[in-house]
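A.B. asks: With the input below, show me the fold.
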Amino acid sequence: KKNHDRLEQPVLEEFARDPIALVRVHLMRMLAERSSWDREVSMVAERGLADEDAFVRRAAADAMGRHPNVRFVPALLDTWQGAAKRDTHLVHTVRLALSAHLRDRVVVAGLLIRRFDDDASKKLLTVASVTDGDAAAPLVLYHAKPGTVSPQVIQQAGRQIARFGTVEQLTRLIEQVPSW
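C.D. replies: Numbers count the residues shown, from 1 in each chain. Below you'll find the model as predicted:
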């Protein structure tokens, strides 16, 4: 085991509460390098998304991107929604983390049974439409509602489905396009 995998939960909690932001940033970076996360570690990372320090929030989003889990997607979407307009680095890091999640078939399968508000759906579809691989294609077909998705996202999604999707997904896209 690597040293960062050996840190006990009380030590992680202590570092997560440290008044020095740099300590919390490095904690999130260390969590990113762990081989796996349990529920307690996940909760520490999720709290990092709400940290007062922008660098900690960015490092928490990056860490979550390295450990895809359907539970993290709503938190990442909320972080994107609440990001200051000038914090383009946080938005970019969240988009990268979401993209990593959308390359995971288990995560995508879990997202297919969830409902999101229109803003979160738009953000999810924007990322799904440019995510490499075929795992995200079903999200576009499932969550895209006529009139709520920009033509640019539909075009990007169409290219993704054409490149990576199944015949069934491509057929469904062709059937749905006129309603968009």
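A.B. asks: wait, what's in contact with Ala157?
C.D. replies: By Cβ atoms under 8 Å, 6 or more residues apart in numbering, the residues touching Ala157 are 125, 128-129, 137, 140, 144, 173. In this view, the C-beta of every residue, glycine as well, is placed from N, C-alpha and C.
A.B. asks: My error: substitute Glu168 in the last question.
C.D. replies: By Cβ under 8 Å, 6+ apart, Glu168 lies in contact with nothing.
A.B. asks: Could you list the buried residues of the host helix or strand of it?
C.D. replies: Glu168 belongs to helix 167-176 when assigned by DSSP states H and E. Buried residues in helix 167-176, defined by neighbour count with 16 or more other Cβ atoms under 10 Å: 169-170, 172-173.
A.B. asks: Name the helix or strand for the spatially most central residue of the chain, please.
C.D. replies: Central residue of the chain (Cα atoms, centre = their mean): Leu98, 2.3 Å from the mean position. For Leu98, the host element (DSSP H and E) is helix 88-102.
A.B. asks: ok, back up a step: can the contacts of Ala157 go into a markdown table with extra columns for secondary structure and pLDDT?
C.D. replies: Output for the contacts of Ala157, formatted as a markdown table (DSSP: H, G, I helix; E, B strand; the rest coil; pLDDT from 0 to 100):
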| residue | secondary structure | pLDDT |
| --- | --- | --- |
| Leu125 | helix | 87 |
| Ala128 | helix | 88 |
| Ser129 | coil | 81 |
| Ala137 | helix | 77 |
| Val140 | helix | 77 |
| Ala144 | coil | 72 |
| Leu173 | helix | 79 |
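A.B. asks: Going by distance to Leu76, which of those wins?
C.D. replies: Nearest to Leu76 out of the contacts of Ala157 is Ala128 (Cβ to Cβ; 13.1 Å).
A.B. asks: Now for the residue nearest to that closest one when sequence neighbours are not counted: which residues touch it?
C.D. replies: Leaving out its chain neighbours, the residue that sits closest to Ala128 by Cβ to Cβ, 6 or more residues apart in numbering is Ala136, at 4.0 Å. Ala136 makes contact with 102-103, 108, 127-129, 160, according to Cβ under 8 Å, 6+ apart.
A.B. asks: Sweet, I'm off.
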